[in-house]
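Peer 1: Dropping a prediction and its sequence here:
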Amino acid sequence: NAGVTQTPKFQVLKTGQSMTLQCAQDMNHEYMSWYRQDPGMGLRLIHYSVGAGITDQGEVPNGYNVSRSTTEDFPLRLLSAAPSQTSVYFCASSYSPRTLGTGELFFGEGSRLTVL
Amino acid sequence: AQTVTQSQPEMSVQEAETVTLSCTYDTSESDYYLFWYKQPPSRQMILVIRQEAYKQQNATENRFSVNFQKAAKSFSLKISDSQLGDAAMYFCAYSAANAGGTSYGKLTFGQGTILTVHP
């Protein structure tokens, strides 16, 4: 049982490049989400998904794209990287309200992205 | 929109002493969850403690306890008998609960408090 797995752990991009942060969970969680962590601002929700085929925007969605084709995977795409997207990104998952919704998020180890 | 505020950017404590981290939140909901997460230098986010808003009793987990004041919208974390391994960034977080009383799993986080433990 690996929990939530994120790749890559570190990435350096040039402005305008695109990339995908991968996230997979093996806990059969219906809820998955992406957060970014910036100094002095805590973690902010980018996008989330309540199940396969269903996604929605969070607090800071601009410049990011997501899809959820399976329960296990929830990739985050940066379409055209900008220096403002330099951050640490966390993928998280949780049980749905229909099963065991205690609200607890299970986090991946984070991905540090630098955009030059 | 809900907001979570941690007014202490940094705190320090001597080993074996007690420290309290503050958190206030703003919401119009009556049913919700509150959390404290710990982030050590490894960057991993670790759940420390959880409080359901409908429960009047304060949650406790070993050396960690909370003081939940619903009317004041305050949710402080007390760490007793502090250990060197408690040194980390601590985040307070809020999550609304749906009509069924369970959480949507979308959290709003505070800015974080860096805790230093002195030997």
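Peer 2: Sure, I can see it.
Peer 1: For residue A:37, which three-state class applies?
Peer 2: strand (DSSP: H, G, I helix; E, B strand; the rest coil).
Peer 1: quick one: residue A:32 from chain B, how far?
Peer 2: According to CB to the nearest CB, to the nearest Å, residue A:32 and chain B sit 9 Å apart. For every residue, glycine as well, the C-beta is placed using N, CA and C.
Peer 1: Go ahead and list the helix or strand containing that residue.
Peer 2: strand A:31-38 (DSSP states H and E).
Peer 1: so who does residue A:8 touch?
Peer 2: Contacts for residue A:8 (CB atoms under 8 Å, 6 or more residues apart in numbering or on different chains) come out as A:21, A:22, A:111.
Peer 1: got it, and residue A:83?
Peer 2: So residue A:83 contacts A:15, A:115, A:116 (CB under 8 Å, 6+ apart).
Peer 1: So is the longest strand seen in chain A next to chain B?
Peer 2: In chain A, assigned by DSSP state E, the strand with the most residues is strand A:42-51. Yes: judged by CB under 8 Å from any CB of the partner chain, strand A:42-51 and chain B are in contact via A:42, A:43, A:44, A:45, A:48, A:50.
Peer 1: tell me the mean pLDDT for that strand?
Peer 2: Model confidence over strand A:42-51, given as mean pLDDT, is 91.
Peer 1: Just the buried subset of the contacts of residue A:83, please.
Peer 2: Buried members of the contacts of residue A:83, scored by 16 or more other CB atoms under 10 Å in any protein chain shown, are residue A:115.
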